[in-house]
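**Q** sequence-free structure coming up:
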Ligand code: PSU
Ligand code: MN
């Protein structure tokens with residue numbers, strides 16, 4: 001069986017020398033944002049990670065391998081080429097076997113990062129328990145992955161296209177620590193806060209690095225979810241975004257959008273209904289997470 005990983009020189013060098021590395025997903029590029037803002041975001045987020053002292057490793061699936069650390073041309077392909085497969089855990093073996101161009105979700109980015117020995121991964125928002133789960137049983141594979149793969153994922157919380165309290169319950173069942181970064185309440189992606197209180201809080205990257213160390217030492221198999229509120233100047237207040245999210249969820253329901261198409265549909269709909277304001281917010285929160293992720297990766301390597 002051929003090598004499953006194709007790691008860029010820069011990332012391999014960093015791994016060999018115990019330098020901080022931060023993984024990035026690619027579904028956010030191919031299915032999470034429109035072109036050309038998606039490729040612009042992908043390049044800028046890498047630069048922010050570099051500026052904060054870590055090496056970025058964007059992950060995708062190309063020619064039957066996890067490609068870890070992408071070239072600019074790869075980012076461009078993922079951002080504009082159609083079709084790119086959205087690859088979650090279920091799809092992984094098939095996409096490798098067929099050599100299809102695949103974008104990794106949070107779940108499969110965690111798998112690739114772990115295989116490569118990368119401990120920290122930055123994204124915007126994770127998948128979760130969808131609203132209406134009683135009917136659809138739609139629970140993102142991201143949550144189970146967090147329960148079984150030891151990678152620390154930095155996100156801006158979860159957005160209200162999901163059922164936030166059930167998402168937290170599910171993560172608790174799977175034994176996943178959900179850490180509020182400088183907050184006691186779950187951030188709700190577009191907005192800094194929600195009414196859902198978290199059990200865990202960290203005020204410094206070093207505290208998260210210490211949790212990572214102990215999680216590993218204790219032999220706990222899963223990851224840690226760090227939830228980082230969007231900076232106040234970029235947030236969209238609840239009064240504004242909630243009705244828009246409700247309208248998007250309703251339309252998805254009426255159109256019978258299900259399964260893996262659900263999250264991309266809702267994200268695109270919200271961009272449309274906010275005249276692009278939600279896209280800018282989404283980009284800004286990824287940048288904010290990149291800064292924190294690089295600091296956590298550094299703090300971890302310095303221990
Ligand atoms: N949330 C976002 N942007 C995204 C996603 C989620 O704000 O791009 C993507 C991520 O790749 C995440 C995936 O892992 O959607 C979850 O999809 P699903 O619910 O089908 O598991
Ligand atoms: Mn789903």
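**A** Structure's in. What do you need? This structure is a prediction, so every number in the text was calculated from the model and none was measured. Ligands and ions are numbered 1, 2, ... in the order given.
**Q** when you work out contacts or count neighbours from here on, use the C-alpha atoms and nothing else.
**A** Will do.
**Q** centre of the chain to stretch 10-30, how far?
**A** With CA atoms, centre = their mean, to the nearest Å as the basis, stretch 10-30 stands 14 Å off its chain's centre.
**Q** mind listing what's buried in it?
**A** Buried residues in stretch 10-30, counted by 16 or more other CA atoms under 10 Å: 11-12, 14-15, 19-30.
**Q** of the residues you listed, which are in range of ligand 1?
**A** Checking those against ligand 1 by CA under 6 Å from any ligand atom, the ones in range are 27-28.
**Q** any idea which of the buried residues of stretch 10-30 is closest to ligand 2?
**A** Ranked by distance to ligand 2 (CA to the ion), the buried residues of stretch 10-30 are led by residue 27 at 13.7 Å.
**Q** so what sits opposite the closest residue to that closest one other than its chain neighbours in the bridge?
**A** In space, and not counting its chain neighbours, residue 27 is closest to residue 103: 4.8 Å by CA to CA, 6 or more residues apart in numbering. Listed beta-bridge partners, residue 103: residue 60, residue 86 (assigned using DSSP bridges).
**Q** would you mind measuring from residue 103 to ligand 2?
**A** Using CA to the ion, to the nearest Å, residue 103 is found at 16 Å from ligand 2.
**Q** isn't that residue up against residue 65?
**A** No: the pair residue 103 / residue 65 is not scored as a contact, 11.8 Å apart, by CA atoms under 8 Å.
**Q** so which residues of the stretch 101-250 of the chain form helices?
**A** For the stretch 101-250 of the chain, the helices defined by DSSP state H, counting those that start in this stretch cover 106-116, 133-136, 141-148, 164-173, 205-217, 238-255.
**Q** which of the residues in the fifth one are buried?
**A** What it means is helix 205-217. By neighbour count with 16+ other CA under 10 Å, helix 205-217 contains the buried residues 205-206, 208-209, 211-212, 215.
**Q** repeat that for the last one.
**A** By 16+ other CA under 10 Å, the buried positions in helix 238-255 come out as 238, 241-242, 244-245, 247-249, 252.
**Q** out of those residues, which touch ligand 1?
**A** Answer for the buried residues of helix 238-255 near ligand 1: none qualify (CA under 6 Å from any ligand atom).
**Q** including pLDDT, could these go into a markdown table?
**A** As requested, the buried residues of helix 238-255 are exported to a markdown table (pLDDT from 0 to 100):
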| residue | pLDDT |
| --- | --- |
| 238 | 92 |
| 241 | 96 |
| 242 | 95 |
| 244 | 97 |
| 245 | 96 |
| 247 | 97 |
| 248 | 97 |
| 249 | 96 |
| 252 | 96 |
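**Q** nearest to residue 41 among those residues?
**A** Distance to residue 41, by CA to CA, is smallest for residue 241 among the buried residues of helix 238-255, at 22.1 Å.
**Q** which ones are touching the closest one?
**A** residue 190 (CA atoms under 8 Å, 6 or more residues apart in numbering).
**Q** from residue 127, how far off is it?
**A** Applying CA to CA, to the nearest Å, the value for residue 241 to residue 127 is 18 Å.
**Q** what stretches of the chain score poorly on pLDDT?
**A** Within the chain, the stretches with pLDDT under 70 are 1.
**Q** ligand 2 contacts on that one?
**A** Counting by CA under 5 Å from the ion, the residues of the chain lying close to ligand 2 are 138, 140, 259.
**Q** ranking these by neighbours, who comes first?
**A** Counting by other CA atoms under 10 Å, residue 140 has the largest number of neighbours within these, with 23 neighbours.
**Q** that one contacts residue 125, doesn't it?
**A** No: between residue 140 and residue 125 there is no contact under CA under 8 Å: 11.9 Å.
**Q** let's have the helices of the stretch 101-250 of the chain in JSON lines, adding distance to residue 227.
**A** Supplementary listing: the helices of the stretch 101-250 of the chain in JSON lines, determined by distance: least, CA to CA, whole Å:
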{"stretch": "helix 106-116", "distance to residue 227": "14"}
{"stretch": "helix 133-136", "distance to residue 227": "23"}
{"stretch": "helix 141-148", "distance to residue 227": "13"}
{"stretch": "helix 164-173", "distance to residue 227": "12"}
{"stretch": "helix 205-217", "distance to residue 227": "11"}
{"stretch": "helix 238-255", "distance to residue 227": "18"}
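**Q** quick one: buried residues of stretch 58-74?
**A** 58-70.
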